[in-house]
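S.K.: Mind folding the following:
(2 chains)
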Amino acid sequence: MKKASFLRTASVLLFSVALLFGCSSGGGSGSGTSAASNGGTTTGAPQKDQMVIAVNENFITMDPQNTGDALSSGVQSAMFEGLLIYDKDLKLMPGLSTEYSVNEDATEYTFKLRQNVKFHDGTPFNAEAVKINFDRMSNKDNNLRAYRNYKYIKSTEVVDEYTVKVTLNQPFSAMINKFTTGIISPAALEKYGKDITKNPVGTGPYKFVEWVQGDHLTVELNPDHWNKGAAKVGKIVYKPVPENGSRVAMLKTGEADVIYPLPEQQVETLNGAEGVKVERTPSTITRYVSINMLKKPFDDPRVRQAINHAVDKDAFIKVVKSGYGAQLESVMSPTIAHYAKQGAYEYSIEKAKQLLKEAGYENGFTTDIWGNTNSDTMKGMQFIQQQLQKVGITVEVKSMEEATLSDEIYGIKSPEEAKMNMWYVSWSSADPDNAMRSLFSSENFPPAGANTAFYKNNLVDQSIKEATQSSDQDKQKQLYGVVQEHVFKDAPWIFLAVDEILYGKRANVNGVYITPSGGIYVREAAFQ
Amino acid sequence: MFRYIVKRLIEIIPIIFVVSLLIFFFIHLVPGDPVRLAAGKEATLEEIERVRQELGLDKPLLTQYVNYMQNLVTGNLGHSLKTGLPISDMFENRFSVTMTLTFLSLGWALVLGLLIGTISAVFRNKWPDYVGMLTAISGISLPGFWLGLILIQVFSVTLGWFPTGGVESWKSYVLPSLTLGAGIMSMLARFTRSSLLETLKEDFIRTGRAKGLKESVVVRKHALKNSMIPVVTIAGLQFGFLLGGSVVVETVFSIPGMGRLLIDSIAFRDYPVVQAVILLFSLEFILVNLLVDILYKALNPKIRYDS
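M.R.: Numbering: from 1, shown residues only, chains lettered A, B, ... in the order given. Below you'll find the model as predicted:
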């Protein structure tokens, strides 16, 4: 065996490798709190001028007028500004306009524009630039996402260099929220055409540097911004990191300064980690189960109310949302304008059984609940299943991959064709119109819209319509109050929870927030 | 040999044609409407129809296929339904990243797999054999997803030696390639061991030993070379596994490669991108198999490729 000494040396080497493997498995189950020491040294350096923000998905487009996902628009908000902008709490504040007025029936909006503002490519910002942008969005042939809201615009007039008047073809009070859409440099629009999605040029506090598909997107500070000095970080790098565990690891090592979202289950692993902070903020995301009111036995309001009484919402938040969330006490999140709290369906098995008995379902019934394949959704559906079992309702859980599910729900030809009984789902909106008209107006039954409970109430329909046609805030509040009251009473949903947004950041990060709608607010980004 | 290679290369054309046909029709059979996903939950029916027309998805399937093939022949992979970007642009960086990762994994898996297999065979039923086979079994049984996260926890978070993800320097490839190669390394080790044990029993080995050749020479020059054919076959076949495995590894390590692109595109029913990625994967697989056949010849000149 002497002859094979080289093999022996190699086997010793191999043994060491195997040992290392063994050690690494053991170490992996530990909490890994020593991470901060490594990260701390790199991120604590005062000269640090680059911030890394890790998010969970890829960005789709950088054309703010053709964007449908919260993440892309979150990144765009660093580079683009609308006539109005949302602050970190979703309150409208002056952006590229300094003031505006609106006529009584919400058909004419006049904006005074901010002066001495330049786009990143040097093009001056003025009324003409606004007109070019609004004309682009309100033109059907351009096939932009923003057309959905800008189709209400009949004309945009340049009154003088810094005044612009927008006339709508019908009253639409929610339009004011839509003026937050980013304005693009007219010169860049002409130069790049459809390729503007890869070459974003706006007026925002940050300028576009590069976008490597699937890897990162970098922006740098705009030294000429009108609100100079608010943001202090020289460069921001946005990175899509889909795997939750990897995102958390990046925050621990200091490779990322901010991570969003932070899954509820991962909060525990970050608690106690040095140099790391977990932030919570109420979101605009409502979590509910949509009940198909066209189907028996759900056509009986007593059955729907009974289901609401049978589900313990506090337990839901504890079990499914790991304690991060609040009970849903109306049809939308309290962060949205004109919110009217309705209270809650008291958790009472007795009441639920009584109502079921009155409706003729003393012995319960069998039904099913649909949802996507996400593990949190599965947990939520199983929770509902277990709760309803207590009042004799047997629920079969059916999970489907997202695209298939969407096809089953929205791919129907008529409401009667819908096979869905209950759907475990969520909805996010930044304004009351999107929170109510989209979900409860009878014009929006699938396939035409997202009223998946097939809810129809003439008073609700009428109130929504009147609210959209008035610019009077008090009147809107009263009308949307009526909608919330009736919908809550009619119980087309199991009202579950309002999500909390959880994100993590290094302790030295200031001025970066995740807004309730999931946008990334970097207008005041700074390191301590 | 040259004629054989040319013949094989020509044969690829009809194969690719059949593969493209299968991919195209299968992906359209999968439920889920890309237009609905592209237009979003709030889209009206009118909007959906407009998007459908713009993307050309309102045309009969056969017409769509003909258009797709026409584009393909001219080297145009089309545009993504999701981002509107040309697919060739999307592949630009991702292809080299995935290829680097795949070949690195295969490279170290081959080296280490052969080494472990050889040591185990030479020291059969002794402690080096047990350690080697324990390592191999661990490598096969640990799911890539889990192994990746453990490696991140130990080598990135605790020790701080390597980045947790992305592709910035050579360091970024270390953990992902270890994760990806672990399974194959183990399989190669096991195959090398059993194949070598078989060979070591052969008459020509006994002759060699009787002639007084050094044991290391017997193993390296005679036995190992003759045991390589099944090992090369496995390595070639496992290349497909590596491409599939890269999907998981790229997700865990946030690597912007083809695997992640494929997953994202399937979820979104981004037909043109899914088609292009699978087609490329198939092509690579076919080429690697051709390489394997050529290697057979190099390893054993007795194998003849008659045309």
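S.K.: wait, what's in contact with the residue in chain A that chain B sits nearest to?
M.R.: Nearest residue of chain A to chain B: A:Ala403, at 3.0 Å (C-beta to the nearest C-beta). Bear in mind the C-beta positions are built from the backbone N, C-alpha and C, glycine included. Counting by C-beta atoms under 8 Å, 6 or more residues apart in numbering or on different chains, A:Ala403 makes contact with B:Val30, B:Pro31, B:Gly32, B:Asp33, B:Pro34, B:Leu37, B:Ala267, B:Phe268, B:Arg269.
S.K.: Quick check: of the residues you listed, which has the highest neighbour count?
M.R.: For the contacts of A:Ala403, the largest number of neighbours (other C-beta atoms under 10 Å in any protein chain shown) sits with B:Arg269, at 26 neighbours.
S.K.: Would you mind listing what in the stretch 301-450 of chain A touches chain B?
M.R.: A:401-404, A:406-408, A:410-411, A:434, A:438, A:447-450 (C-beta under 8 Å from any C-beta of the partner chain).
S.K.: Can you give the domain ranges for chain B?
M.R.: Under the TED database, the residue ranges defining each domain of chain B are B:1-77, B:95-268.
S.K.: what's the answer for chain A, then?
M.R.: Using the TED database, the domain ranges for chain A come out as A:47-79+A:204-275+A:507-527, A:82-195, A:283-501.
S.K.: what would those domains look like in CSV with mean pLDDT?
M.R.: Rendered in CSV, the data for the domains of chain A read as follows (pLDDT from 0 to 100):
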stretch, mean pLDDT
domain A:47-79+A:204-275+A:507-527, 91
domain A:82-195, 93
domain A:283-501, 94
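S.K.: Of these, which stretch is the most buried?
M.R.: Among the domains of chain A, the stretch with the highest mean neighbour count (mean count of other C-beta atoms under 10 Å in any protein chain shown) is domain A:47-79+A:204-275+A:507-527, at a mean of 21.
S.K.: any bit of that one sitting next to chain B?
M.R.: Yes - where contact is defined by C-beta under 8 Å from any C-beta, part of domain A:47-79+A:204-275+A:507-527 touches chain B, namely A:54, A:58, A:60-61, A:68, A:212-216, A:239-243, A:245-246, A:249-250, A:252-253, A:255.
S.K.: Show the contacting residues for the closest residue to A:Glu161 other than its chain neighbours.
M.R.: Spatial nearest neighbour of A:Glu161, chain neighbours left out: A:Asn126 (5.1 Å); criterion: C-beta to C-beta, 6 or more residues apart in numbering or on different chains. For A:Asn126, the contacting residues are A:Leu113, A:Glu161, A:Tyr162, by C-beta under 8 Å, 6+ apart.
S.K.: so the residue nearest to A:Asn271 when sequence neighbours are not counted bridges to which residues?
M.R.: In space, A:Asn271 comes closest to A:Val278 once its chain neighbours are excluded; the distance is 7.0 Å by C-beta to C-beta, 6+ apart. Bridge pairing for A:Val278 (DSSP bridges) gives the partners A:Gly504.
S.K.: Can you name the next helix or strand after whichever helix or strand the residue of chain A closest to chain B is part of?
M.R.: With secondary structure defined by DSSP states H and E, A:Ala403 is part of helix A:402-410. From helix A:402-410 onward toward the C-terminus, using DSSP H and E, the following helix or strand is strand A:422-428.
S.K.: Run the angle between that following strand and helix A:402-410 for me.
M.R.: For strand A:422-428 against helix A:402-410, the angle between stretch directions is 100 degrees (axes from the mean of the first three to the mean of the last three C-alpha atoms, to 10 degrees).
S.K.: Tell me which strands strand A:422-428 pairs with, and in which orientation.
M.R.: When sheet partners are counted by DSSP bridges, strand A:422-428 sits next to strand A:276-291 (antiparallel), strand A:366-371 (parallel).
S.K.: and the stretch 51-200 of chain B, which residues reach chain A?
M.R.: Neighbours of chain A within the stretch 51-200 of chain B, by C-beta under 8 Å from any C-beta: B:51, B:54, B:82-85, B:89-90, B:92-94, B:115-116, B:118-119, B:122-123, B:128, B:131-132, B:134-135, B:138, B:149-158, B:160, B:163-167.
S.K.: Narrow these to those in helices?
M.R.: Secondary-structure check on these using DSSP state H: residues within helices are B:51, B:54, B:89-90, B:92-94, B:115-116, B:118-119, B:122, B:128, B:131-132, B:134-135, B:138, B:149-151.
S.K.: Going through the residues you listed, which ones are buried?
M.R.: Applying a neighbour-count criterion of 16 or more other C-beta atoms under 10 Å in any protein chain shown, the buried members of those are B:51, B:90, B:93-94, B:115-116, B:118-119, B:122, B:128, B:131-132, B:135, B:138, B:149-151.
S.K.: sorry, back to before: closest one of the contacts of A:Asn126 to B:Leu45?
M.R.: Here the nearest of the contacts of A:Asn126 to B:Leu45, counting by C-beta to C-beta, is A:Leu113; it sits at 36.6 Å.
S.K.: for the closest one, phi and psi?
M.R.: Taking degrees, to the nearest 10, you get phi -90, psi 150 for the backbone angles of A:Leu113.
S.K.: anything in the helix or strand hosting A:Ala129 near chain B?
M.R.: Secondary structure assigned from DSSP H and E places A:Ala129 in helix A:127-138. No - for a cut-off given as C-beta under 8 Å from any C-beta, helix A:127-138 has no contacts with chain B; the smallest distance is 13.7 Å.
S.K.: quick one: that helix to chain centroid distance?
M.R.: The chain centroid and the centroid of helix A:127-138 are separated by 27 Å under C-alpha atoms, centre = their mean, to the nearest Å.
S.K.: How about stretch A:157-175?
M.R.: What separates the centre of stretch A:157-175 from the centre of its chain is 28 Å, taken as C-alpha atoms, centre = their mean.
S.K.: For that stretch, output the C-alpha coordinates as PDB.
M.R.: What follows is stretch A:157-175 as a C-alpha-only set of coordinates in PDB (Å, rounded to 0.1, in the frame of the first residue of the first chain):
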ATOM      1  CA  GLU A 157     -54.700  72.900 -22.400                       C
ATOM      2  CA  VAL A 158     -51.600  75.000 -21.900                       C
ATOM      3  CA  VAL A 159     -52.900  78.100 -20.200                       C
ATOM      4  CA  ASP A 160     -49.500  79.700 -19.900                       C
ATOM      5  CA  GLU A 161     -46.000  78.400 -19.400                       C
ATOM      6  CA  TYR A 162     -46.600  77.200 -15.900                       C
ATOM      7  CA  THR A 163     -50.400  76.700 -15.800                       C
ATOM      8  CA  VAL A 164     -52.200  73.700 -17.300                       C
ATOM      9  CA  LYS A 165     -56.000  73.000 -17.400                       C
ATOM     10  CA  VAL A 166     -57.300  69.400 -17.700                       C
ATOM     11  CA  THR A 167     -60.900  68.800 -18.800                       C
ATOM     12  CA  LEU A 168     -62.600  65.500 -18.200                       C
ATOM     13  CA  ASN A 169     -65.300  64.000 -20.400                       C
ATOM     14  CA  GLN A 170     -67.300  62.900 -17.400                       C
ATOM     15  CA  PRO A 171     -67.200  63.700 -13.600                       C
ATOM     16  CA  PHE A 172     -64.500  61.600 -11.900                       C
ATOM     17  CA  SER A 173     -63.500  62.600  -8.400                       C
ATOM     18  CA  ALA A 174     -60.900  59.900  -8.000                       C
ATOM     19  CA  MET A 175     -58.900  61.500 -10.900                       C
END
